[in-house]
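Participant: let's see this in three dimensions:
(one chain, ligands or ions: 1)
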Amino acid sequence: MQLNSFDEWSPLKEAIVGSAQNYTSHQRELSFDLFFHDNIAGDNSSRSEWYYPRLTAGTAPRSGSQPIKQRYVDELNEDLEGIAKALESLAVTVHRPLDIAPTTVQVRTPAWEASVVPPLNIRDNTLIAGDEIIETPPMIRSRYFETQFLHPVFQEYFRQGAAWTVMPRPLMTDASFDLSYVRASTAGGPTEPIEDPHPSPYDVGYEMMFDGAQCLRLGRDIVVNVSTANHALGCDWLERHLEGRFRIHRVHQLSDSHIDSMVLALRPGTLLVRSEAVAEKLPEQLRRWDLIVPPAPESDNFPRYDDDDLILTSKFIDLNVLSVSPDTVLVNEACPELIRELERHGFTVVPVRHRHRRLFGGGFHCFTLDTVREGGPEDYLD
Ligand SMILES: NC(=[NH2+])NCCC[C@H](N)C(=O)O
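Facilitator: Residues are numbered from 1 along each chain as shown. The predicted model follows:
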């Protein structure tokens, strides 16, 4: 089918589901620590205090490769199969990425090298803007070529007529990163400092670094979270590139980067939000929509982990639901409060198992990329 995805809720026809095959480790280095700063270093607004492994007291290394227990990877892959099956049972055609090779693959550029991670949170590095695939410039070095694992699928959409664009790639030296957000957000919580950036002959100042998951798509409007100078450059690019086709609405520091555990659009006129405070930061037209604010998740929603298991998301990660239609939503079965709340608002909930979302940085919305939905470039903000 032709690529067509303008919103987050209209009837879903085709989607890609990420893969965790051969996920063996996280590589802790500057770009990883910066990206997950709010989770691994801690900030009171998003970090859970429940049995949070203490990095300084525990055995977790502060830099280098940190192995992930095979059991978690196996269970994650089982859950990913379950997500794919659930979508297929709802008549959605599911595509899967290429698997990465079982031996550790390294990426090397003139400026640095990093070990590659599998294409799991595929929402992050691609934005589908209507009939166009836009590969976004990553913020984590190990994800630099992640979209290549999606190329067999992208090539097929290209053959069917899709536009396909790659945003400019950063040199991504330490000096490329705007550290102001993480430096400011360390106030008030137990924190660990970000390593000092090292100079490189390839320094060019702040560069464009931006994830597709910073965007909330609403027909002809796209709401974009901008928290750093890197994001602002990415958003400038997007605005110029999409001019005349989409309207961009910036929100300032709604989260560290991704928007999809803060606010999700479930149907025209209805938003699922983490809190009332989140809703206040949204563009004015959206503040008139109905808000669903579910009760904060309970600690027993999550597995208990060891001190050397890195936790990469906040406790709000299960807000990261995937809409299959304006009245049907895929929700983590471990989240009874959220399920009840959505049912109370008239949604049909399809409960699906996903155990280790806090270890792998994403929920159902992050793990998927919706490539074909029925909706078009409607104006929902009028
Ligand atoms: N597209 C994504 N990977 N989204 C995940 C965002 C998770 C968010 N940082 C949280 O901790 O709640």
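Participant: check which helix or strand covers the residue lying farthest from the centre of the chain.
Facilitator: In terms of distance from the mean C-alpha position of the chain, residue 201 ranks first, at 31.4 Å (Cα atoms, centre = their mean). Per DSSP states H and E: residue 201 is located in neither a helix nor a strand.
Participant: in the protein, which spans are helices?
Facilitator: Here the chain has its helices, by DSSP state H, at 30-35, 70-89, 151-159, 180-184, 229-242, 276-280, 284-287, 336-344, 357-360.
Participant: same list (these) but as CSV, adding distance to residue 139.
Facilitator: Any C-beta I mention is one placed from the backbone N, CA and C, and that applies to glycine too. Shown next, in CSV, are the helices of the chain (distance: least, Cβ to Cβ, whole Å):
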stretch, distance to residue 139
helix 30-35, 5
helix 70-89, 22
helix 151-159, 21
helix 180-184, 11
helix 229-242, 7
helix 276-280, 21
helix 284-287, 25
helix 336-344, 28
helix 357-360, 17
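Participant: which stretch among these comes nearest residue 137?
Facilitator: helix 229-242 (6.5 Å; Cβ to Cβ).
Participant: can you give the contact residues for that closest one?
Facilitator: Helix 229-242 is contacted from outside by 127, 129, 134, 136-137, 139, 165, 167-168, 176-178, 180, 206-210, 214, 222, 224-226, 248, 250, 257, using Cβ atoms under 8 Å, 6 or more residues apart in numbering.
Participant: so how far is that helix from its chain's centroid?
Facilitator: Mean-position distance between helix 229-242 and its chain equals 18 Å (Cα atoms, centre = their mean, to the nearest Å).
Participant: do that helix and the ligand meet?
Facilitator: No: counting by Cβ under 6 Å from any ligand atom, the ligand has no neighbours in helix 229-242; the shortest distance is 13.9 Å.
Participant: now do the buried residues in that helix.
Facilitator: Using 16 or more other Cβ atoms under 10 Å as the test for burial, helix 229-242 gives 229-235, 237-238, 242.
Participant: what residues does this structure put near the ligand?
Facilitator: Going by Cβ under 6 Å from any ligand atom, the residues of the chain near the ligand are 39, 46, 121, 123-124, 213, 258, 260-261, 313-314, 316-317, 320, 361-362, 366.
Participant: go with 5 Å
Facilitator: The chain has residues 121, 123, 213, 258, 260-261, 313-314, 317, 362, 366 near the ligand, with proximity defined as Cβ under 5 Å from any ligand atom.
Participant: which one of those residues sits closest to residue 154?
Facilitator: Nearest to residue 154 among these, with distances taken as Cβ to Cβ, is residue 123, at 14.7 Å.
Participant: do you know the pLDDT at the closest one?
Facilitator: pLDDT, residue 123: 98.
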